[in-house]
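Asks: Fold the following.
(one chain, ligands or ions: 2)
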Amino acid sequence: MSAGLSAVERIKTDSRLLRGSLRESLADPATGSLREDDQTLIKYHGSYQQDDRDLREERRQQKLEPDYSFMIRTRTPGGVTTPSQWLQLDAIATRYAGNGLRITTRQAFQFHGVVKRELKATMAAINASLIDTIAACGDVNRNVLAAANPLLSSAHATVHAQARALSQHFLPQTRAYYEIWLDEELVAGADEHEPIYGPTYLPRKFKTAFAVPPLNDVDVFANDLGFIAIVEDGAVIGYNVTIGGGLGATHGDAATYPRLADVIGFVTPDQVIAVAEAVVTTQRDWGNRTERKRSRLKYTIDDRGLDAFKAEVERRAGFALTPARPFAFAHNGDRFGWVDSEDGRAQLTLRIEAGRINDRGERRLLSGLRAIARIHEGDFRLTPNQNLVIAGVAPAARAAIDALVAEYGLDLYREASPLRLNALACVALPTCGLAMAEAERYLPELVGKLEARLQAHGLLDAAIHLRVSGCPNGCSRPYLGEIALIGKAPGRYNLMLAADHRGQRLNRLHKENIAEAEILDTVDALLARYAGERGDGERFGDFLVRSGLVAAKPGIPLEVRT
Ligand code: SRM
Ligand code: SF4
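Replies: Ligands and ions are numbered 1, 2, ... in the order given. The predicted structure follows:
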């Protein structure tokens, strides 16, 4: 192994295709944690070691080790789950995880708070529900996003099938997951290999999304690799390909930055896997393996040049991409309530605040969705905005679902302001080890305070996209929020403003390291201007740019025409 490679590269190299000493770590009863290298390797199996940060100081004073537990993330391409799987995941969460189910911004479920001695049983139970957690985390192709809110259901079905096929194509081939969690006989041997990834996998995480215009609910430009479906006469004729999106950054380090993907051309459906493999393997070979902060595809492209990267992709794929086709996105939110599909069925999109499904007061989301899963004959779709679609509902079944929605308080989608409906927050404290400030736990209160300001300006019906992240890694995609807070320290945030609402323009830092009162007052003053000066149908982010209150960053053209 050459000198200068990052520590994670050494761990991958020595891991015997992701096995490491995970079995021994799991069997050690003396601690609730894993050995250090295994804490990295377990990510590739879909789990993170965490500890309850609310209890850290108290336990330190008591000379106890931190309160370790594990987060588990599923691989659910396009976020599709059957009612039977839902019931099984609910039962697993109720038995093993502390705080219900959590829908992530990448259409996956997370379980939080699983203790080490129950980790294997939990992983095996998830697998028994025919959902796995392989490659949900780690330096591999992660859970593949696919538009959850279709206007055209047959095109949507085609795109979902493509997303599933791509996810399957990039699954690691090592049998480590089956050996460690499902007791499959050990096969590690000379002929086991990773045909696409090689023994050290990718330099960094890799994310793929499929969008179906006019909705950009997947925020396709935030992904390393994206496919924008081009639909003609109801059929998907191919995809525009996007590369080099990614949002993570580090405070105070200008070498790291959020970047929107570039549109590099068009491929037909039968070329999707080949072009994806060419992008993945070019990043595998060209990506930075010495500095992890600069190892995402977006930096490879900026370091080597987009034209050179694209030429290499075409060389590896064996064909040239044709010019990108026109497309236009309307917005990157969800469409709440009932929407009819082409096939005579309907879908109901429910608002799930910050994706957290548990029972709290009158809002008994976990129990209510369990009751719905028992009678539902379609499927469930997790959205990349942390919401839930009850999909494929026959006309005769609507009334029963509506009754359960009302009985269990699942009707936030009918009551909430547009601000609350569209807001995103990452998990942050107490489980995220990287959080610098609150996000999910702060969101309801923050939204309430902003709603009061909106009301004062007669703007309560304004659909402003608010996103809150506990640190600059950007898990709630805050750089694409019209208003966004990015955690700096407890109670302090960077205020970012003026992204568009289509996921095509990044926002800008407006004020650094400010507390709530200043955040509210700053936003309030801008809302006052917006209320008085906005154009017809003009969105808040666009208004801030047009009025010169915030300088715009160049974005993706609203309509790409070739
Ligand atoms: Fe994320 C790391 C949660 C979507 C960028 N993310 C983490 C970790 C695992 C913290 C850690 O490494 O110890 C967080 C676990 C918190 C917890 O307690 O659950 C975490 N990320 C999440 C989720 C659960 C946020 C949510 O509230 O829904 C999302 C899970 C997605 C999934 O199902 O796979 C999640 N993370 C994202 C997104 C949004 C997206 O992909 O659309 C981003 C920005 C896009 C991107 O990747 O550029 C994102 N997460 C990061 C980064 C920064 C990566 C970078 O390039 O710099 C990290 C830190 C890292 O990788 O070192 C991170
Ligand atoms: Fe944690 Fe930061 Fe991601 Fe929020 S943005 S979940 S605080 S890593």
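
Asks: can you list contacts of the helix or strand in which residue 157 is found?
Replies: Using DSSP states H and E, the element containing residue 157 is helix 153-169. With Cβ atoms under 8 Å, 6 or more residues apart in numbering as the test, helix 153-169 has contacts from 75, 77-78, 80, 141, 143-147, 150, 196, 208, 210, 212, 227, 229, 231, 234-236, 269, 272-273, 276-277, 341-343. Glycine gets a C-beta too; all of them are placed from N, C-alpha and C.

Asks: Spell out which residues sit in contact with the residue nearest to residue 55 when sequence neighbours are not counted, please.
Replies: Leaving aside its chain neighbours, residue 55 sits nearest to residue 67 (4.8 Å; criterion: Cβ to Cβ, 6 or more residues apart in numbering). By Cβ under 8 Å, 6+ apart, the contact set of residue 67 is 32, 51, 52, 55, 56, 59.

Asks: Which of those residues sits closest to residue 40?
Replies: Of all these, residue 40 sits closest to residue 51, with 16.2 Å by Cβ to Cβ.

Asks: what's the closest non-adjacent residue to the closest one?
Replies: Leaving aside its sequence neighbours, residue 51 sits nearest to residue 66 (Cβ to Cβ, 6+ apart; 3.6 Å).

Asks: Now for whichever residue of the chain sits closest to ligand 1, how many residues are close by?
Replies: As assessed by Cβ to the nearest ligand atom, ligand 1 sits closest to residue 248 within the chain, at 2.0 Å. Other residues lying near residue 248 total 19 when counted by other Cβ atoms under 10 Å.

Asks: what's the pLDDT at it?
Replies: With respect to pLDDT, residue 248 scores 97.

Asks: again, but for residue 395
Replies: In this model, residue 395 is scored at 96, pLDDT.

Asks: Verify the contact between it and residue 341 for me.
Replies: No: judged on Cβ atoms under 8 Å, residue 395 makes no contact with residue 341 at a distance of 11.2 Å.

Asks: The helix holding residue 157 near ligand 1 anywhere?
Replies: No: applying Cβ under 6 Å from any ligand atom, one finds helix 153-169 separated from ligand 1 by no less than 11.9 Å.

Asks: Enumerate the positions of that helix that are buried.
Replies: By 16 or more other Cβ atoms under 10 Å, the buried positions in helix 153-169 come out as 153, 155, 156, 158, 159, 160, 162, 163, 164, 166, 167.

Asks: One more: stretch 486-494?
Replies: 486, 487, 488, 492, 493, 494.

Asks: in the stretch 301-450 of the chain, which spans are helices?
Replies: Chain-ordered helices for the stretch 301-450 of the chain, with DSSP state H, counting those that start in this stretch as the definition, fall at 306-317, 365-375, 398-407, 412-415, 418-422, 443-456.

Asks: Let me know the pLDDT of residue 63.
Replies: Per-residue pLDDT puts residue 63 at 97.

Asks: Secondary structure class of it, three-state.
Replies: The local conformation at residue 63, judged by DSSP: H, G, I helix; E, B strand; the rest coil, is coil.

Asks: mind listing what it touches?
Replies: Per Cβ under 8 Å, 6+ apart, neighbours of residue 63: none.

Asks: What's the separation between it and residue 32?
Replies: Per Cβ to Cβ, to the nearest Å, residue 63 is found 15 Å from residue 32.

Asks: try residue 373
Replies: Taken as Cβ to Cβ, the span from residue 373 to residue 32 is 32 Å.

Asks: Among those two, which residue is more densely surrounded?
Replies: Shown here are residue 373 and residue 32; by other Cβ under 10 Å, residue 373 has more neighbours (20 against 17).

Asks: tell me the contacts of that one?
Replies: Contacts of residue 373 (Cβ under 8 Å, 6+ apart): 83, 84, 86, 87, 90, 380.

Asks: Ok, residue 200 next?
Replies: 9, 12, 13, 289.

Asks: what's it sitting at in phi/psi?
Replies: As for residue 200, its main-chain torsions (degrees, to the nearest 10) stand at phi -110, psi 20.

Asks: Quick check: pLDDT value at it.
Replies: pLDDT, residue 200: 97.

Asks: Residue 152 now?
Replies: Reported pLDDT for residue 152: 69.

Asks: How about the residues of this protein by ligand 2?
Replies: Selection of the chain residues close to ligand 2 by Cβ under 6 Å from any ligand atom yields 426-428, 432, 434-435, 439, 469-471, 473-475.

Asks: So which of these sit within strands?
Replies: Mapping the residues of the chain next to ligand 2 onto strands (DSSP state E) picks out residue 469.

Asks: Find the nearest non-adjacent residue to whichever residue of the stretch 201-350 of the chain sits closest to ligand 2, please.
Replies: Proximity of the stretch 201-350 of the chain to ligand 2 (Cβ to the nearest ligand atom) peaks at residue 248, 8.4 Å away. Sequence neighbours aside, residue 473 is the residue nearest to residue 248 in space, at 4.8 Å (criterion: Cβ to Cβ, 6+ apart).
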